[in-house]
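Novice: sequence first, predicted model second:
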Amino acid sequence: PASAADEPYEINAILSLTGSAAFLGNEEKQALEAVEKITNAHGGIRGRKIRFVVQDDQSNPQTAVQLTRGVMDKHVPVILGSSLVVQCNAMMAVVKDNGPVQYCFSPGIHPDRSTYTFSSSVSTKDLALLMVRYFHKKGWNRIAVMTSTDATGQDAERNFDAAFAAPENKGTQLVTREHFNPSDVTVAAQLQRVKATNPQVLVAWTTGTPFGTVLRDIAGAGLDIPIGAGNGNLIYAQMKQYTKFLPKELYFGGVQYFRDPSDIRGPLRAPIDEFDKAIAPSRPDLGQGLGFDAAMIAVDALRHLGTNASAAQIRDYIDGLHGYIGTHGVYDFRAGDHRGLGVGNAVMVRYDAGKELFVPVSKPGGDPLR
């Protein structure tokens with residue numbers, strides 16, 4: 001009979017495979033499958049293959065907590081996921097004191113260094129700063145903001161308040177602030193109030209199904225201005241669903257692998273090429289990216305520490321990690337933000353409906369491309 005050491009080492013993940021965030025969760029699962037294949041092709045963890053065990057929280061925070069407690073009963077050192085702010089915050093409360101390490105795939109949580117939680121990608125704080133900086137440099141200074149009333153929207157509202165207050169964005173004006181419930185079937189009234197303020201650009205920040213409602217009503221209101229959107233909607237399949245009512249100019253905050261391939265040189269080239277190859281034939285978008293780097297960093301920690309590593313050892317290892325090159329950029333966790341990336345790793349992108357492609361429109365950090 002095979003010994004336990006011959007069995008694949010299991011790494012647990014809790015993702016939103018069904019429910020409102022399913023479009024994200026299933027792409028994150030695809031990323032884990034790619035990381036599993038890459039890791040095993042390169043010797044696994046100290047010669048032992050890995051296997052990701054993925055459970056579905058149904059886009060529900062209560063289910064995410066139940067599944068987290070079940071995984072904790074196995075005394076594992078690390079859990080990956082979940083997909084949205086509300087699930088990740090609920091899981092973070094469970095693991096904060098003694099672990100296991102939780103690597104959340106949402107950029108919208110902001111864990112304290114004392115916790116066992118890490119957050120994937122560039123922070124939504126930095127994405128809000130990036131977006132306002134880009135609009136300001138384009139001369140679009142009358143900005144309306146409309147956010148959902150859930151955890152994702154509340155986080156965005158705080159972040160945009162900070163971005164408007166930044167000295168570099170002096171001259172920008174928040175012309176109106178509107179809210180909507182993610183379960184609302186229409187936001188027509190809010191958009192009429194937005195339209196009355198004559199904005200140059202509207203930031204409509206929500207994730208998943210509610211974003212479709214917002215875009216449909218923007219088209220219905222005849223609001224023909226640039227739209228800034230939450231990065232959680234940087235999904236090709238989602239854009240295809242909304243083809244009939246996409247605005248002419250739709251902008252998102254993205255990360256390094258959304259840059260023009262000809263503009264990516266040096267050490268970033270290898271991990272991005274590996275990522276593209278692993279995800280093919282799909283075109284990588286946000287979902288795969290959120291899961292890919294986070295899972296690779298978790299594997300890197302286990303390779304260095306071994307499969308008997310404790311949650312505290314893994315947390316301390318990642319906390320000290322710097323110079324790690326991923327698809328989002330060069331990571332440095334020593335700042336203590338449990339993220340390792342900043343606004344300099346982000347780029348603005350625009351969805352080109354004709355090409356069905358997310359196209360970069362800024363340099364890293366937000367300066368518009370000429």
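Specialist: In hand now; what should we look at?
Novice: where along the stretch 151-300 of the chain do the helices fall?
Specialist: Along the stretch 151-300 of the chain, counting by DSSP state H, counting those that start in this stretch, helices occupy 151-165, 188-196, 209-221, 236-241, 269-279, 286-305.
Novice: for residue 59, find the nearest of these.
Specialist: Nearest of these to residue 59, taken as C-beta to C-beta: helix 209-221 at 9.6 Å. (Glycine included, C-beta is placed from N, CA and C.)
Novice: give me the below-cutoff pLDDT ranges for the stretch 151-300 of the chain.
Specialist: For the stretch 151-300 of the chain, no stretch is flagged by pLDDT under 70.
Novice: so residue 102 makes contact with residue 118?
Specialist: Yes - using C-beta atoms under 8 Å, residue 102 is in contact with residue 118, at 7.1 Å.
Novice: one step back: for the helices of the stretch 151-300 of the chain, please prepare CSV with the additional fields mean neighbour count and distance to residue 314.
Specialist: Below are the helices of the stretch 151-300 of the chain laid out as CSV (neighbours: other C-beta atoms under 10 Å; distance: least, C-beta to C-beta, whole Å):
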stretch, mean neighbour count, distance to residue 314
helix 151-165, 20, 26
helix 188-196, 16, 44
helix 209-221, 20, 35
helix 236-241, 16, 33
helix 269-279, 17, 21
helix 286-305, 24, 5
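Novice: closest one to residue 27 among the ones you listed?
Specialist: helix 286-305 (2.5 Å).
Novice: show me what the closest one packs onto, helices and strands only.
Specialist: strand 9-15, helix 22-41, strand 78-81, strand 101-104, helix 269-279, helix 311-319 (3 or more C-beta pairs under 8 Å, 6 or more residues apart in numbering; DSSP states H and E).
Novice: residue 363 is nearest to which of the ones you listed?
Specialist: Of all those, helix 269-279 sits nearest to residue 363, with 16.6 Å by C-beta to C-beta.
Novice: give the other helices and strands that that closest one contacts.
Specialist: If contacts are counted by 3+ C-beta pairs under 8 Å, 6+ apart, helix 269-279 sits against helix 22-41, helix 286-305.
Novice: buried residues in the first one, which are they?
Specialist: What that stands for is helix 22-41. 22-36, 38-39 (16 or more other C-beta atoms under 10 Å).
Novice: verify the contact between residue 292 and residue 33 for me.
Specialist: No - counting by C-beta under 8 Å, residue 292 does not reach residue 33; the two are 10.4 Å apart.
Novice: tell me which residues of stretch 78-95 are tucked away?
Specialist: Within stretch 78-95, the residues scored as buried using 16+ other C-beta under 10 Å are 78-92, 94-95.
Novice: rebuild the helices of the stretch 151-300 of the chain as a markdown table, extending it with distance to residue 262.
Specialist: Below are the helices of the stretch 151-300 of the chain laid out as a markdown table (distance: least, C-beta to C-beta, whole Å):
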| stretch | distance to residue 262 |
| --- | --- |
| helix 151-165 | 30 |
| helix 188-196 | 38 |
| helix 209-221 | 31 |
| helix 236-241 | 21 |
| helix 269-279 | 11 |
| helix 286-305 | 20 |
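Novice: contacts only, for the nearest residue to residue 226 once chain neighbours are set aside.
Specialist: Spatial nearest neighbour of residue 226, chain neighbours left out: residue 249 (4.1 Å); criterion: C-beta to C-beta, 6 or more residues apart in numbering. Contacts for residue 249 were tallied using C-beta atoms under 8 Å, 6 or more residues apart in numbering; they are 225, 226, 227, 350.
Novice: those in strands, which ones?
Specialist: Those of the contacts of residue 249 mapping onto strands are 227, 350, per DSSP state E.
Novice: which one of the contacts of residue 249 is nearest to residue 256?
Specialist: residue 350 (16.5 Å).
Novice: can you add distance to residue 151 and give the helices and strands packed on helix 286-305 back as TSV?
Specialist: TSV is the format used below for those (distance: least, C-beta to C-beta, whole Å):
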stretch	distance to residue 151
strand 9-15	17
helix 22-41	15
strand 78-81	15
strand 101-104	12
helix 269-279	28
helix 311-319	24
